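In: only geometry, no sequence info:
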């Protein structure tokens with residue numbers, strides 16, 4: 001019998017030790033509850049990292065399958081190892097590539113964006129075509145460690161300022177997108193929940 005609790009604890013410790021960002025406990029709790037409540041069957045995850053969130057999603061509901069894309073080879077290989085340890089290879093399918101270069105024909109109930117924050121608009125626009133009618137796109141790190149809520153003058157780093165501007169532009173993009181209804185939730189590091197209200201061609 002696989003000790004799921006112990007292995008998940010090890011994954012979190014590895015992430016912490018190696019400065020690999022993973023979703024907060026509150027964030028993953030919201031997503032797993034969402035999967036259970038809506039009986040989500042197919043999830044597309046943009047940004048696997050070391051597999052933590054994909055594993056938590058897979059363990060939350062026995063009928064869910066996750067396709068997850070990761071472009072960093074070291075993280076991808078670590079994710080493969082973690083998924084194998086938990087015997088989840090049949091329900092978590094990893095793709096090693098830059099998500100913007102991946103073309104999928106499959107349709108998903110839920111798309112989870114948790115990758116390069118500066119590319120959020122591109123990820124959304126590319127993969128919304130893979131979303132089923134009435135599907136949902138969830139984006140993590142909308143507050144980006146609280147920096148999105150700060151005045152720009154308080155952020156010293158030029159790179160961070162530029163990134164925060166792009167996240168703010170993404171929030172504005174979501175708010176103006178008439179095909180989706182978006183809620184920004186004060187959960188974890190901020191989560192955007194975008195539910196499709198119109199299908200393509202409406």
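Out: Everything's here; your move. The shown structure was predicted, so the numbers you read here are calculated from the model rather than taken from an experiment. Residues are numbered from 1 along each chain as shown.
In: Please enumerate the strands of the chain.
Out: 42-46, 65-70, 92-96, 108-113, 131-140, 180-185, 191-196 (DSSP state E).
In: As a markdown table, those strands with distance to residue 58 and mean neighbour count would be great.
Out: Just so you know, the C-beta spots here come from the backbone N, C-alpha and C atoms, and that holds for glycine as well. Below are those laid out as a markdown table (distance: least, Cβ to Cβ, whole Å; neighbours: other Cβ atoms under 10 Å):
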| stretch | distance to residue 58 | mean neighbour count |
| --- | --- | --- |
| strand 42-46 | 9 | 25 |
| strand 65-70 | 6 | 24 |
| strand 92-96 | 5 | 19 |
| strand 108-113 | 12 | 23 |
| strand 131-140 | 16 | 20 |
| strand 180-185 | 23 | 16 |
| strand 191-196 | 19 | 20 |
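In: What's the separation between the residue nearest to residue 173 when sequence neighbours are not counted and residue 90?
Out: Setting aside the residues directly before and after it, residue 173 is nearest to residue 121 in space (Cβ to Cβ, 6 or more residues apart in numbering), at 5.3 Å. Applying Cβ to Cβ, to the nearest Å, the value for residue 121 to residue 90 is 33 Å.
In: Could you do residue 179 as well?
Out: Residue 179 is 34 Å from residue 90, where distance means Cβ to Cβ.
In: more neighbours, those two?
Out: Neighbour tally, residue 179 and residue 90, criterion other Cβ atoms under 10 Å: the higher count belongs to residue 179, 13 against 9.
In: pLDDT at the more buried one, what is it?
Out: Per-residue pLDDT puts residue 179 at 95.
In: I figured it hits residue 198, correct?
Out: Yes - judged on Cβ atoms under 8 Å, residue 179 makes contact with residue 198 at a distance of 4.4 Å.
In: Report the helix or strand with the lowest average pLDDT across the chain.
Out: Taking mean pLDDT, DSSP states H and E as the measure, the helix or strand of the chain with the lowest value is helix 158-176, at a mean of 88.
In: residues making contact with it?
Out: With contact meaning Cβ atoms under 8 Å, 6 or more residues apart in numbering, helix 158-176 is reached by 117-118, 120-121, 124, 139, 141-142, 144, 147-148, 150, 152, 155, 180, 182, 184, 192, 194.
In: Centre of the chain to it, how far?
Out: 17 Å (Cα atoms, centre = their mean, to the nearest Å).
In: Can you give me the buried ones in it?
Out: The neighbour-count check on helix 158-176 (16 or more other Cβ atoms under 10 Å) flags 163, 164, 166, 167, 170, 171, 174 as buried.
In: So, low pLDDT: which residues of the protein?
Out: The chain contains residues with pLDDT under 70 at 1-2, 145-147, 150-151, 153-155, 199-202.
In: hmm, try it at 80
Out: Applying pLDDT under 80 to the chain flags residues 1-2, 145-161, 198-202.
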